[in-house]
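In: from the sequence below, what's the structure:
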Amino acid sequence: MGQLMEDIVSTANNFAENFKEEGDYDFSIKSLELVDEYLDELGDFDLDENAIFNISSMIGCYVFETARRNYGGEYKWSKEKQHPVLVAGAPNFSVAICAWDKVKGRLLKGSEDNIPFYIAGYKEHIEKGRQQKGYNVVIF
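Out: The predicted structure is shown next:
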């Protein structure tokens, strides 16, 4: 396991463990509804940039790891974005997600950046990629 993957898995596991009193963060797709509800609550607070980054990266790791465990993919580091992306399908196709950005969007913009819907899109694009060699998409 590479360092990036170790860091994401560790952060995701820590989130699941630290918030187990709040719900069953078991890396199931269903658990993403809990994530979305929690982000909705956090969005009501006046968060500074540091808090937004910490929440986005911590919960983003849980979202990444839930998507990877259920639908596959490999973690890559985006030099452009300066954070990880999850990429599925290589070498036949490429579907990438940016969970940290999506979690940040959910905090700042509300329900329009719904986490379960986002991961359902990841699954749909992977299925499409399996049907179309060379398919390439980044889901923001």
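In: longest helix anywhere in this protein?
Out: Secondary structure of the chain per DSSP state H: the longest helix is helix 49-71.
In: tell me which element the closest residue to residue 33 other than its chain neighbours falls in.
Out: Spatial nearest neighbour of residue 33, excluding adjacent residues (C-beta to C-beta, 6 or more residues apart in numbering): residue 116 at 5.7 Å. From N, CA and C alone the C-beta is placed, and that goes for glycine too. Here residue 116, judged by DSSP states H and E, is contained in helix 115-131.
In: thinking again about what came up before, helix or strand right after the longest helix of the chain?
Out: Where DSSP H and E defines the elements, the next helix or strand beyond helix 49-71 is strand 74-78.
In: buried sites along that next one?
Out: Across strand 74-78, burial judged by 16 or more other C-beta atoms under 10 Å covers residue 75.
In: again with stretch 39-47
Out: Within stretch 39-47, the residues scored as buried using 16+ other C-beta under 10 Å are 39, 42, 43, 47.
In: equivalent analysis for stretch 53-62, please.
Out: 55, 56, 57, 58, 59, 60, 61, 62.
In: now do the contacts for the second one.
Out: Residue 56 sits next to 100, 101, 103, 104, 107 when contact means C-beta atoms under 8 Å, 6 or more residues apart in numbering.
In: one more time with 10 Å, if that's ok
Out: Applying C-beta atoms under 10 Å, 6 or more residues apart in numbering to residue 56 gives the contacts 39, 47, 63, 83, 99-108.
In: next one: residue 14
Out: Taking C-beta under 10 Å, 6+ apart, we find residue 14 in contact with 58, 61, 62.
In: per-residue pLDDT, it?
Out: Confidence at residue 14, expressed as pLDDT, is 98.
In: so for the helix or strand harbouring it, what gets flagged as buried?
Out: Using DSSP H and E, residue 14 sits in helix 3-18. Residues of helix 3-18 classed as buried: 8, 9, 11, 12, 15, 16 (neighbour count, 16+ other C-beta under 10 Å).
In: which is the next helix or strand following that helix?
Out: Per DSSP H and E, the first helix or strand lying C-terminal to helix 3-18 is helix 31-42.
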